[in-house]
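My questions are about this predicted structure, shown below with the sequence.
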Amino acid sequence: MKAERGILIVLSGPSGAGKSTVIAGLMRLRQDVRFSVSATTREPRPGEEEGKDYYFLTRQAFLRLVENNALLEHAEYVGNFYGTPAEPVERDLAAGYNVLLDIETQGAVQVMERRPDAVSVFLCPPSLAELERRLRGRGTDAEEKIRGRLETARRELARVKEYTYTVVNDDADIAAWELDAIITAERCRSERRMEFTEKGDLIL
């Protein structure tokens, strides 16, 4: 039997919402999820691997992808370009894998406009007070940076209604289970399974 096409999942959430932890939990629950690797023009950091952490490109190569409409989304941050190559995503979807994009709201809107089939999920902290506690608990950021992250979080949270699903990360395991349930439910949508339900020998 031909592999059932995978689901494209767009996941967003403010810094400190726990996206990395929830994604790791989802990967333990499901073997059919592939994490999308972004392209960037910044230099690799120590320990980062080509094709695993990022696709490291020159500015010229990146701009060629933009010109050829080969990116699902792209943006510029602090003088460097970042984007999601469409070809690897499409290849994995066609092979039956669910592809997860962890991107900020600006890029997510681009993907949702370009790919109406994408399933959008916003990962929320239980409260702004808890988000602030988590950010301060890292012990890595200066006060000014923490305040900047909190202000960015407020702007991102204002866009939550643009997403199809909202998962509140009060407990990372439960949040991962909810994300798992969303993928399962989306794969069971009738319009995604017309190939099977329209068979002449299938009794409904």
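That came in fine, so what should we check first? Residues are numbered from 1 along each chain as shown.

hey, let's count contacts and neighbours off CA atoms from now on
Fine.

least trustworthy helix or strand in the protein by mean pLDDT?
helix 194-197 (a mean of 66; mean pLDDT, DSSP states H and E).

ok, which stretches of the protein are helices?
19-29, 59-67, 86-94, 105-114, 128-138, 143-157, 172-187, 194-197 (DSSP state H).

Out of those, the one nearest Glu48 is which?
Closest of those to Glu48 is helix 19-29, at 16.3 Å (criterion: Cα to Cα).

Where does pLDDT dip in this structure?
1-3, 78, 195-204 (pLDDT under 70).

Recalculate using a threshold of 50.
1-2, 204 (pLDDT under 50).

want to throw the helices of the chain into CSV with mean neighbour count and distance to Thr41?
Converted to CSV, these look like this (neighbours: other Cα atoms under 10 Å; distance: least, Cα to Cα, whole Å):
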stretch, mean neighbour count, distance to Thr41
helix 19-29, 17, 22
helix 59-67, 14, 6
helix 86-94, 17, 17
helix 105-114, 18, 16
helix 128-138, 15, 27
helix 143-157, 15, 23
helix 172-187, 17, 31
helix 194-197, 12, 41
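
mind putting those in a markdown table, distance to Pro46 included?
Putting the helices of the chain into a markdown table (distance: least, Cα to Cα, whole Å) gives the following:
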| stretch | distance to Pro46 |
| --- | --- |
| helix 19-29 | 19 |
| helix 59-67 | 21 |
| helix 86-94 | 25 |
| helix 105-114 | 26 |
| helix 128-138 | 21 |
| helix 143-157 | 23 |
| helix 172-187 | 28 |
| helix 194-197 | 47 |
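
out of the ones you listed, which comes closest to Gly6?
Closest to Gly6 of the helices of the chain, according to Cα to Cα: helix 86-94, at 4.5 Å.

so Gly16 makes contact with Arg134?
Yes: taking contacts as Cα atoms under 8 Å, Gly16 lies within contact range of Arg134: 6.1 Å.

Can you tell me which of the helices of the chain is nearest to Gly51?
helix 86-94 (10.6 Å).

now the angle from the closest one to helix 59-67?
For helix 86-94 against helix 59-67, the angle by axes from the mean of the first three to the mean of the last three Cα atoms, to 10 degrees is 60 degrees.

Quick one: list the elements packing against helix 86-94.
If contacts are counted by 3 or more Cα pairs under 8 Å, 6 or more residues apart in numbering; DSSP states H and E, helix 86-94 sits against strand 98-102.

Given the strand it packs on, what are its sheet partners and their directions?
strand 8-12 (parallel), strand 33-35 (parallel) (DSSP bridges).
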